[in-house]
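> When you get a sec, could you give me coordinates for this:
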Amino acid sequence: ACASVYLPEMLTGQIQRFRIYGDFARRTCPTSEAVLSLYDPEVYFLQQTPTDCKRVVTAQIESIDSSVDLAFLFAGANDIFSSGIIFGCVFPLTRSATACLEGVAVSNSVMDSPDFVSNFTTVLHALHDKMKHDNETIPTGKIVVVDYPYAVLDIDLELTSGDLVVNVAQETRNVITRLADETAAVVDTVNAELGYDFVVFYNKTKELFAGHETDPALFRRNPDRWFGEEEGLRIWDFYHPNRLGHINLADALFEEDAFGAVAG
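As a prediction, this is how the structure comes out:
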């Protein structure tokens, strides 16, 4: 059996600044100063060492070695600061047509930045170097970048402000579609640079989650949701998969027969 590991918030080194579930998966911040630094959007990626805060990407890369055969990471919403989209477009108490477009603009600006591609590329190359056995020409392991599902149902819901009309599903889905396209392009580039297919882009998540997304309509919830959608006090996990989402995704990933990775 392959030795597998899930690396949260790894794609571009973005950190999760709010987490209701508490500390887990090598993301413990040892000091209050480190916690405060998480509120600074400039403090991320490889700018912090493992001793500063283990939530950032450096510590997670350092935890990997050649004993890991299969590493999973999400092409996730945190990487493009999509909380602005959720609270601007989806969350009923804070959304508006203007706020929605502003949130969309922020996420697109992140993907427009050269850092988005360069950081992501650096992460994948670093994982490759950590997972490769010294005597290997081509690693037997694999990195699997998991595509992110759409966060909202494809329904006709519009936000208006004067002459401004914004379709919630269209705007939010366009951003996640672009994230998938950008991710696939980086994966292809890295594999071309390496000369072999070490990174796999799993692009079946949107199809798997179809019909299970958040219902953005006021006073409605999707009974078949696989997202947090205001469950309990987990407001910050509004756009993150819930327990059912993770279980169904894990089952789907299991069916992929280790993505061609071989136990080392």
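
> Now do the same for the residue most central in space within the chain: its pLDDT.
The centroid of the chain falls nearest to Gly76 when counting by CA atoms, centre = their mean (1.3 Å). The model reports Gly76 with a pLDDT of 71.

> how about the strands in this protein?
If DSSP state E is used as the criterion, the strands of the chain fall at 4-6, 70-74, 142-146, 158-161, 164-167, 199-202.

> could I get the ones you listed as CSV with distance to Gly228?
The way it works is simple: take the backbone N, C-alpha and C, and place the C-beta from them, glycine included. Listed next are the strands of the chain as CSV, based on distance: least, CB to CB, whole Å:
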stretch, distance to Gly228
strand 4-6, 18
strand 70-74, 15
strand 142-146, 18
strand 158-161, 21
strand 164-167, 23
strand 199-202, 22
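
> right, and Ile85 touches Cys100 too?
Yes: using CB atoms under 8 Å, Ile85 is in contact with Cys100, at 7.2 Å.

> who's more crowded, the two?
Remark: of Ile85 and Cys100, Ile85 carries more neighbours, 30 against 25, as counted by other CB atoms under 10 Å.

> From Ala99, how far out is that one?
Per CB to CB, to the nearest Å, Ile85 is found 9 Å from Ala99.

> Also Glu182?
When CB to CB is applied, the distance between Glu182 and Ala99 equals 24 Å.

> Where is the longest helix in this protein?
For the chain, the longest helix by residue count, based on DSSP state H, is helix 168-194.

> quick one: average confidence on that one?
95.

> Give the buried residues for it.
Within helix 168-194, the residues that count as buried by 16 or more other CB atoms under 10 Å are 168-169, 171-173, 175-176, 179-180, 182-183, 186-187, 190-191, 194.

> tell me the angle it makes with strand 70-74.
150 degrees (axes from the mean of the first three to the mean of the last three CA atoms, to 10 degrees).

> Make sure Leu218 is actually in contact with Pro92.
Yes: the pair Leu218 / Pro92 is scored as a contact, 5.1 Å apart, by CB under 8 Å.

> rewinding a little: and the strands of the chain as TSV, adding distance to Pro223 and mean neighbour count?
Formatted as TSV, the strands of the chain follow (distance: least, CB to CB, whole Å; neighbours: other CB atoms under 10 Å):
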stretch	distance to Pro223	mean neighbour count
strand 4-6	28	17
strand 70-74	25	24
strand 142-146	25	23
strand 158-161	23	14
strand 164-167	24	16
strand 199-202	27	20
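
> how about the CA coordinates for stretch 78-98, as PDB?
Output of stretch 78-98 as PDB, limited to C-alpha atoms (Å, rounded to 0.1, in the frame of the first residue of the first chain):
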ATOM      1  CA  ASN A  78      -8.100  29.900   0.300                       C
ATOM      2  CA  ASP A  79      -5.400  30.300  -2.300                       C
ATOM      3  CA  ILE A  80      -7.400  33.000  -4.100                       C
ATOM      4  CA  PHE A  81      -8.800  34.800  -1.000                       C
ATOM      5  CA  SER A  82     -12.300  33.600  -1.900                       C
ATOM      6  CA  SER A  83     -13.700  34.600   1.400                       C
ATOM      7  CA  GLY A  84     -14.400  38.000  -0.200                       C
ATOM      8  CA  ILE A  85     -16.600  36.200  -2.800                       C
ATOM      9  CA  ILE A  86     -18.500  34.100  -0.200                       C
ATOM     10  CA  PHE A  87     -19.200  37.100   2.000                       C
ATOM     11  CA  GLY A  88     -19.800  39.500  -0.900                       C
ATOM     12  CA  CYS A  89     -21.800  37.200  -3.200                       C
ATOM     13  CA  VAL A  90     -23.200  34.300  -1.100                       C
ATOM     14  CA  PHE A  91     -23.600  35.000   2.600                       C
ATOM     15  CA  PRO A  92     -27.100  36.700   2.900                       C
ATOM     16  CA  LEU A  93     -26.200  39.100   5.700                       C
ATOM     17  CA  THR A  94     -23.200  40.700   4.000                       C
ATOM     18  CA  ARG A  95     -23.600  40.300   0.300                       C
ATOM     19  CA  SER A  96     -24.400  42.900  -2.300                       C
ATOM     20  CA  ALA A  97     -23.900  43.400  -6.000                       C
ATOM     21  CA  THR A  98     -21.000  45.800  -5.400                       C
END
